[in-house]
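Q: Make a model of this:
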Amino acid sequence: MTPHIEANTNDFAKTVLMPGDPLRAKFIAETFLTDAKEVNTVRGMLGYTGKYKEKPISVMGSGMGMPSIGIYSYELYTVYDVDNIIRVGTAGGIRKDLNVGDIVVGMGACTNSNFAYNYKLPGIFAPTADYGLLTKIQKAADALKYNLIVGNILSSDVFYVDDGKDFEKWLKMGVLAVEMEAASLYMNAARLGKAAIAICSISDTIFTEQSVSAELRRTSFTKMMEIALETVLF
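A: Here you go, the predicted structure:
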């Protein structure tokens, strides 16, 4: 056990889906998994392990922000011997042709966070997704006939931005969308020799001001969940 996860060492599968919202983890477990067992409730961060089409898989919330997913992903990788973490979350669309419900995959994760300072690197680290997981996600999306938009996303330390013009600058660099977790997840995976990727549904848009409710965020973005789950079949 860790200070944040009460599960036994063999309670997690090799692949863990991580939504930010623990209630989304509960929804995924109850909707898609068979024989789902609750393995964590510490701090309300719900975690489950079950089977998807007879393949073992786990799902657990990560909380909001890079410090939170940084803790949970580190403990899953190091204490529970998890190999793959797939973030299934929501993001705000930056590119102006994105709409609510579109599915974005973070091939790379730009960031305004100082998370990488922890590694004392002699330069700027570029957090990237695992290519093997990216390939499986593309195969799963193709099989399901779901469209993916793959590219750079922004992992921000700030939700309420003081200067909204920052997004215009990221837009100029081709960044697709903004969320708050992927960069630190990618850095933990890189440092520990593990695999990670973020697949996000667009829940609101920065420039065209589309949005959905918190309840719909939790229960309606099922396509990204199906894609992530299907990766265990490849």
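Q: Show me where this protein dips below the pLDDT cut-off.
A: 217-220 (pLDDT under 70).
Q: For the nearest residue to residue 229 once chain neighbours are set aside, which residues are in contact?
A: Spatial nearest neighbour of residue 229, chain neighbours left out: residue 52 (4.7 Å); criterion: Cβ to Cβ, 6 or more residues apart in numbering. For glycine as for every other residue, the C-beta is placed from the backbone atoms N, C-alpha and C. Contact analysis of residue 52 by Cβ atoms under 8 Å, 6 or more residues apart in numbering lists 32, 33, 34, 229, 232.
Q: which strand residues sit across from residue 52 in the sheet?
A: In this entry, residue 52 is beta-bridged to residue 55, by DSSP bridges.
Q: for stretch 127-135, which positions count as buried?
A: 127, 128, 129, 130, 133, 134 (16 or more other Cβ atoms under 10 Å).
Q: for those residues, which one is nearest residue 184?
A: residue 127 (7.9 Å; Cβ to Cβ).
Q: Surely that closest one touches residue 113?
A: No: the pair residue 127 / residue 113 is not scored as a contact, 9.6 Å apart, by Cβ atoms under 8 Å.
Q: Give the residues shared as contacts by the two.
A: Counting by Cβ under 8 Å, 6+ apart, the residues touching both residue 127 and residue 113 are 155, 183, 184.
Q: would you list every one of the strands in this protein?
A: Using DSSP state E, the strands of the chain run over 15-18, 34-40, 47-52, 55-60, 84-93, 103-111, 149-155, 177-179, 195-205.
Q: Show me what the residue nearest to residue 19 when sequence neighbours are not counted is bridged to.
A: Spatially, and ignoring its direct neighbours in sequence, residue 19 is nearest to residue 88 (5.0 Å; Cβ to Cβ, 6+ apart). Residue 88 has these beta-bridge partners by DSSP bridges: residue 199.
Q: Next up, the contacts around residue 88.
A: Going by Cβ under 8 Å, 6+ apart, the list of residues near residue 88 reads 17, 18, 19, 24, 28, 199, 200, 224, 225, 228.
Q: Could you tell me how far it is located from residue 226?
A: Applying Cβ to Cβ, to the nearest Å, the value for residue 88 to residue 226 is 10 Å.
Q: And residue 188, by the same measure?
A: Distance from residue 188 to residue 226, by Cβ to Cβ: 26 Å.
Q: Kindly report the same for residue 36.
A: Distance from residue 36 to residue 226, counting by Cβ to Cβ: 16 Å.
Q: what ranges do the helices span in this protein?
A: 22-32, 66-78, 131-144, 166-172, 182-192, 214-219, 222-230 (DSSP state H).
Q: Now distance to residue 11 too, for the ones you listed, in CSV please.
A: Listed next are those as CSV, based on distance: least, Cβ to Cβ, whole Å:
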stretch, distance to residue 11
helix 22-32, 13
helix 66-78, 11
helix 131-144, 22
helix 166-172, 39
helix 182-192, 19
helix 214-219, 24
helix 222-230, 19
